[in-house]
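Visitor: this one's structure only:
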């Protein structure tokens, strides 16, 4: 080895280790599968954006709120973090710790303030679509968490239409939504770029709403009531150019919905996948499945999609634009599609009127069914508990 | 199937087919492996950006220029496209064709004008870094195409430093460049965020330049002359947090350079990979290899990197941010690292003084060695021919 330059003292592992020890200790305490990286991400996010709320941290680092919350508590207990009026803020000792031990210096992000990473901006037409769509989004029924429903924000729905338009996947194309609890089909059809927009969903309430808006706005969206455990209707096979899906956040759910997409695309085509940021091992499994179907991950944007009222998953998911060639389906176990089937979860809610705690997930299946004895109908989640697993935090 | 809505007439395959016939015919004519999708991309790009030069089209659609050029010629021959003063522009018949047959309507992109997709913007500090780096970039030696050198633009080098800074991969981190003909180590060290910046490269000319700049700017970059066919020096194993590589554009080249990165990272860490947009099948193979090393593709930005004087590959490559956990190396065939080894290529150059045509790639290995009998030293490439393969266009 010919070393040029002042590499006299070799790179030392010791001080990396010293730094990692602290982070490792916190990571173990919180039992987050991402380890020190997750803790460091949270600390860096606070340093650059302080004061910042737990929810915003969750969105930024793409981790479940209970984890963020627990890390915050530990850092507070160690005197590094304070609880300011507008959120988490480092103490003098905290600043010293992150700057000296972790070497942080950058006091703000360098992220694009215009597009937030999707590399799209709404022109006048899309701004108008957003205004119209916002009104319709208010008409959505209550979410059915049993089938992993959660509603993307109206802006996210329009961003989806916008990115598909920019990437050339709408103009003159037949577009299919494999499930559409986000109502993204509405802004998509509003662009008037597509040859056809078809929505399949298991929830008739949503299909009725989409159809109603479609008639009112003269969008000509077609809707079909469908359970994706069944193969798509033969008439839809090999008929589409572009598929959009935001499937249940299990590996099997993603593979099943993508396989239905492949039926619709035939040999080749483009599929947009919105999916939650999973722990590394699970996420790699998903990417392997994507490749095994002969989909290429052409573009992948972390944190593209925002949702209403699903703080538990850090509130964002990624968007991947997949290009398929010689596509082939993968068979999956139908029993493990929805997260409730995969990981039965007990959730605890506090009545916002009388503060009584209620359990949801066993006798009472859904929060929507819950009414407190005091008559209260508003609840805040206090805890989730994964049945048959020893961690209560990492069950998103 | 319960169809709701006006889905009276079923989706017809016929008009998709009619449209595809024209595109397919052109695709066959050009023998581009991406098929109709590539032709459609070129047409859409021209429609939205006309008049536009062949080079700009190549950058936009991420296809080799000879393909773009051939498609342009065919479209011109069919009377659809005209050759305007400032580039390709559709004729009246052409506009009618793309709007009626292909259904194109969007007359401009919706891309972010601020960040062009990287979701980063230079603040004052990075603007200053760019200004300083631009001067140093001019000092680069001539490219050695035998080892697949091609120089990223100074702006690309600074964008790389900027995205690594924003994503939290520089602050307090040890950063290793596995090859750095792009000189990205210079703006990276100029951020003054890293704990250490080390560059390994096979080309001593580049290392000398980096070292010279490092001394002048007091950057403390360490350089090591290294051939990546050898395992990294033991002293560098498991010592780094972040690795950047823009390897030779072969699957083996990418896997070899990433494997060396894994030696430097140890069990986990972040690796940035710049690589050319390959045809779908080959690109999927690369993604499978990435996953098999236990790297997660966390973020993937097409067209992030721009290069000087490599119009043949459409002039851009993607940037992927890979997160590794329980990393493992993959062994590769050392004989197939550089594109010249994989696909011996004959290139033909025209002397810009006397117009004589010269062959490069067999007796004369590199254009740098060529001098015309007339004394001319400037040449323009006229043709590339892949040895033992029947297409001359798709050899990037």
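Guide: It's in. Predicted model, so just to flag it, every value in this text is computed and none were measured.
Visitor: So residue A:319 lies in a strand, does it not?
Guide: Yes. Under DSSP: H, G, I helix; E, B strand; the rest coil, residue A:319 sits within a strand.
Visitor: And the nearest residue to it once chain neighbours are set aside, its phi and psi?
Guide: Spatial nearest neighbour of residue A:319, chain neighbours left out: residue A:304 (3.7 Å); criterion: CB to CB, 6 or more residues apart in numbering or on different chains. For the C-beta atoms, the positions are set from N, CA and C on the backbone; glycine is no exception. The phi/psi pair for residue A:304 (degrees, to the nearest 10) reads phi -70, psi -40.
Visitor: Any idea how many residues pack against residue A:304?
Guide: 22 (other CB atoms under 10 Å in any protein chain shown).
Visitor: Please apply the same query to residue A:352.
Guide: The number of residues near residue A:352, taken as other CB under 10 Å, comes to 12.
Visitor: what sits against it?
Guide: Applying CB atoms under 8 Å, 6 or more residues apart in numbering or on different chains, we find residue A:352 in contact with A:376, A:378, A:379, A:380.
Visitor: Can you read off the pLDDT for it?
Guide: Note on residue A:352: pLDDT of 80.
Visitor: cool, and residue A:347?
Guide: On the pLDDT scale, residue A:347 gets 71.
Visitor: how about it, secondary structure?
Guide: On the basis of three-state DSSP, residue A:347 is classed as strand.
Visitor: just checking, the residue nearest to residue A:319 touches residue A:321?
Guide: No. If you go by CB atoms under 8 Å, residue A:304 and residue A:321 don't touch, sitting 10.2 Å apart.
Visitor: Tell me what the most centrally placed residue in chain A is bridged to.
Guide: By CA atoms, centre = their mean, chain A has its centre lying nearest to residue A:317, at 2.2 Å. With DSSP bridges as the criterion, residue A:317 is bridged to residue A:276, residue A:305.
Visitor: Now, the contacts of residue A:352 that are in strands?
Guide: A:379, A:380 (DSSP state E).
Visitor: are any of the contacts of residue A:352 buried, and which?
Guide: Listed as buried from those are A:376, A:379; burial here means 16 or more other CB atoms under 10 Å in any protein chain shown.
Visitor: Next, format the contacts of residue A:352 as CSV and append pLDDT.
Guide: As requested, the contacts of residue A:352 are exported to CSV (pLDDT from 0 to 100):
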residue, pLDDT
A:376, 82
A:378, 80
A:379, 79
A:380, 76
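Visitor: Among the contacts of residue A:352, pick out the one closest to chain B, please.
Guide: For the contacts of residue A:352, the closest approach to chain B (CB to the nearest CB) belongs to residue A:380, at 31.5 Å.
Visitor: Can you tell me the element the nearest residue to the closest one once chain neighbours are set aside falls in?
Guide: Spatial nearest neighbour of residue A:380, chain neighbours left out: residue A:350 (5.3 Å); criterion: CB to CB, 6+ apart. Using DSSP states H and E, the element containing residue A:350 is strand A:345-351.
Visitor: Which elements pack onto that strand?
Guide: strand A:357-360, strand A:379-386 (3 or more CB pairs under 8 Å, 6 or more residues apart in numbering or on different chains; DSSP states H and E).
Visitor: Can you tell me which of these has the worst average pLDDT?
Guide: strand A:379-386 (a mean of 62).
Visitor: Please consider this matter closed, and thank you.
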